[in-house]
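>>> structure, please.
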Amino acid sequence: MTFGADGKAYQIADSFNDSSLVNAILVSRSLDGGMSWSAPTTLLRESGEREVSFGFNDKESITADPTAPCNVYAVWDRLSGPSLKSNASARAFERAQGYRGPTWFSRSTNCGVSWEPARQIYDPGQINQTIGNQIVVLPNGTLINTFDLIDNHKNAKGLRGENIAMQRSFDKGLTWEAPIIVAKGQSIGVVAPDGTPLRTGDNIPDIAVGADGSMYVAWQDGRFSGGAHEDIALAESRDGGLTWSAPVRVNGGDVAAFDPSIAITAGGRLGVSYHELRGTAVTAFVATRGAGQSAFTPTAKAGGPTFEITSAPVAGGYFLGDYQGLTAAGDDLVQFVVLPSPSPASPTNRTEVVASRV
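Below you'll find the predicted structure:
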């Protein structure tokens, strides 16, 4: 969800039919601060035909441009392959020779009244994909799309595995530069003491832009612990994304940390929210540092009580959702986290969204 400078709100969603695999990227807008919403506009719809070819749209995000009134940008990845037979596994689909996951984009230049036809803006190539695409706008109007670039085999650039990457547009999304690598991604995942994995946002970077044009990207990474557990890595750029600092660790470092979100206050205070797993206990934290400082202050507990990860819903692992949230409200930070509900056994109330002002 995003708010324009004029107060209009826009939300984007991935809608799908689980039985037919018909899926679509939909956008709605609100003219009254979210009290009411328009009927959805379809940016791209897949037929669900899977015996000949198949496409699935995923990890959508939306951004209102603070430098161009009524410009709104939508971006996502589209997984495609030659077919998805009824008896084929998702893993087999991802390994098919025709599989790829390019970045798709659409924009509105009239406050969401209409949207340009969705189009591909980056193709990582055969058996490769992007994920977690997210656009921010620099003070000079340059668009930055940040994402996780997954290369499943070696290529001319010597890339393999996960790479935190970004690409720029100097003409409001009409054309895009080739990606710039921010850092090598070294996520290793998070596992509970009982051996059950956690489904986290380990391949979804988050980005924030300061009033001076500085950029900060945060993601999960196992480099600092020597592969023992996940930490929260942060890199920054002061030249519009051309070069990036070496990654630094944000969290304390002695236990697994995951699901980072990042935001900058009006006064330049940088905040990074995340979860830490200590045994089976999960606690939400926010680490902050002031403008001009290089080190983060000790992490502060936020976002509600500590909870047991074993009380979370199970969907291919303990799962609270890929996304948590952090945003700025003047000089404060507001953290949004998903917690297991007090009655996790209830099929109608498995989780709750909690907001805390930091």
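
>>> where does the prediction get shaky in the protein?
Within the chain, the set of residues satisfying pLDDT under 70 comprises 49-53, 83-98, 153-159, 298-305, 343-347.

>>> tell me where it has helices.
Ranges of helices in the chain, per DSSP state H, are 90-95.

>>> any idea what the closest residue to T41 other than its chain neighbours is bridged to?
Distances taken as CB to CB, 6 or more residues apart in numbering put V27 closest to T41, at 5.0 Å, once the chain neighbours are dropped. Just so you know, the C-beta spots here come from the backbone N, C-alpha and C atoms, and that holds for glycine as well. Beta-bridge partners recorded for V27 (DSSP bridges): I12, T41.

>>> could you give the number of residues near V27?
Using other CB atoms under 10 Å, V27 has 21 neighbouring residues.

>>> do A246 as well
Number of residues near A246 (other CB under 10 Å) recorded here: 8.

>>> quick one: contacts for it?
If you count contacts by CB atoms under 8 Å, 6 or more residues apart in numbering, A246 has them with 183, 235.

>>> one more time with 10 Å
Neighbouring residues of A246 by CB atoms under 10 Å, 6 or more residues apart in numbering: 183, 233, 235-236.

>>> look up how far D148 lies from it.
18 Å (CB to CB, to the nearest Å).

>>> now G252, what are its backbone angles?
Per-residue torsions, G252: phi -70, psi -40 (degrees, to the nearest 10).

>>> correction: the previous question concerned N128.
phi -120, psi 170.

>>> ok, and the closest non-adjacent residue to it?
Setting aside the residues directly before and after it, N128 is nearest to D151 in space (CB to CB, 6+ apart), at 5.1 Å.

>>> can you count the residues close to the one you found?
18.

>>> now it: how far from E162?
Using CB to CB, one gets 8 Å for the distance from D151 to E162.

>>> all strands of the stretch 51-200 of the chain, in order?
Here the stretch 51-200 of the chain has its strands, by DSSP state E, counting those that start in this stretch, at 54-64, 72-81, 103-108, 119-122, 129-137, 143-151, 161-169, 180-184, 190-191, 197-199.

>>> check the gap between E46 and G321 for me.
23 Å.

>>> neighbour count: those two, which is higher?
Counting neighbours by other CB under 10 Å for E46 and for G321 shows that E46 has the greater number, 20 against 16.

>>> isn't that one right next to S80, touching?
Yes: counting by CB atoms under 10 Å, S80 is a contact partner of E46 at 9.1 Å.

>>> what touches both of these two?
Counting by CB under 10 Å, 6+ apart, the residues touching both E46 and S80 are 53-57.

>>> so how do I select the buried members of those in PyMOL?
In PyMOL syntax, the buried subset of these is picked out as below (16 or more other CB atoms under 10 Å):
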select buried, resi 54+55+56+57
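
>>> in JSON lines: the shared contacts of E46 and S80, plus distance to Q11.
Below are those laid out as JSON lines (distance: CB to CB, whole Å):
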{"residue": "S53", "distance to Q11": "29"}
{"residue": "F54", "distance to Q11": "26"}
{"residue": "G55", "distance to Q11": "22"}
{"residue": "F56", "distance to Q11": "20"}
{"residue": "N57", "distance to Q11": "16"}
